[in-house]
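Colleague: Return atomic coordinates for the entry below.
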Amino acid sequence: MQSTSKRKAGKPDEDTAKKKQNISTSMQEKPKLFPDEQTDCQAKTQNHDFHKTFTPPEFEPFQLLFLLRRSIELTEEVLEICFKLIESTSGTTYKSSSLGWHPREKRKEMADPEMWYMIVQDKDADEGGLQSDVDVNPALFVGFLSFKLDYDDPPNDWRRVGYIYEVHLHDKVRGRGLGSFMVSQAEKLVHSTGIGKTMLTVFTSNNPARRCYERLGYTIDEASPEDRVTRRGIIHADYMILSKVVKLDKGHSPASNK
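Modeller: Now for the predicted structure:
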C-alpha cells in the first residue's frame, strides 16, 4: 500500500509543465498553519493512553513499534532512509508519470517543519516506556506515513484538511493490514484537532492501494484531475486525489449515525 504526494497547485485543468514540476513545494509558500492544532498533535505524543492504541493486539506478534514525530525531530539519516524507501517503491512510477521525479523538491517537502511522521520500526526487546521516549532507530526502520495539517485544494482551498503525503512499507511487513491501520491512526490524529477531512493522492496504476483506500471510505475528490480530450485522443490522468469527510462531534470524535 502506497500513497505518494502530488499536491495540485491551482485548478485541476492548470497542468502546465512548470506547475507540475513545482507541485511538491507550491503549498509551502503559505504562512505557518494552525499552531493550536499542531500543539494538539504534539500533546498526543506525550499521552500514554494514545500510545497504547499504537500497539493493538493484531500487531503485537510482529513486534512493531509506532513512533510519532515532527520532521524537525528526525535526523538527516532517518529522513534520507524515508526518501530512499519512497524512491525504491515509487521512483519508477514517478519517472514514467506526467509529474516526473524531482529528488531535490521531494527532500524539501519531506523536511517541512509542519510535516508529521509515523515511523514504524521493529521493537527492541530492551526498550521500555512510552513511544515518545524511544529514539528512531534506522537499523530497525520498516516504514513510515507522513501527513500535514494543510489547506484543501481548489476550489475548496479555504478549508482545513489533514493531507496524507506518503505511506511506504518494506516488503517484509506488507500484506498485514499495516498500511490501512496507519492511515486510520493518522485520521484519528487529524480528527482530534477538529479537522474532519483527510486527503491523499495515489497513482491510477496502483490498483491495490486504490482498492485499499476505497475500503477505508475514500472517494474521488472534486479537485482530482480529469482526463483530457485532445486531437490525438483521450489523455488519462495518471494520479487521483482521494478524500474522506467525517462529521465530528464537539469532542472532536466522529459523530455517531445513530
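Colleague: what's the longest helix in this protein?
Modeller: In terms of residue count, the longest helix belonging to the chain (DSSP state H) is helix 76-96.
Colleague: what's that one in contact with?
Modeller: 2, 4, 71, 74, 100-101, 103, 106-107, 110-111, 117, 119, 136, 138, 141, 143-144, 146, 166, 168, 170, 203, 205-206 (Cβ atoms under 8 Å, 6 or more residues apart in numbering). The C-beta positions use only the backbone N, C-alpha and C, and glycine is treated the same way.
Colleague: Show me which of those are buried.
Modeller: Neighbour counting by 16 or more other Cβ atoms under 10 Å classes 2, 4, 71, 74, 101, 106-107, 110, 117, 119, 136, 141, 143-144, 146, 166, 168, 203, 206 among the contacts of helix 76-96 as buried.
Colleague: rewinding a little: which ones among the contacts of helix 76-96 map onto strands?
Modeller: 117, 119, 141, 143-144, 146, 166, 168, 203 (DSSP state E).
Colleague: got CSV for those residues, with pLDDT too?
Modeller: Shown next, in CSV, are the ones in strands among the contacts of helix 76-96 (pLDDT from 0 to 100):
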residue, pLDDT
Tyr117, 95
Ile119, 93
Phe141, 95
Gly143, 96
Phe144, 97
Ser146, 97
Glu166, 96
His168, 97
Phe203, 94
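Colleague: Closest one to Gly196 out of those, please.
Modeller: For those, the residue nearest Gly196 by Cβ to Cβ is Ser146; the value is 20.2 Å.
Colleague: residues in contact with the residue lying closest to Glu114 once chain neighbours are set aside?
Modeller: Take Glu114 and drop its neighbours on the chain: the residue closest to it by Cβ to Cβ, 6 or more residues apart in numbering is Lys148, 5.5 Å away. When contacts are counted by Cβ under 8 Å, 6+ apart, Lys148 touches 112, 114-116, 162-163, 165.
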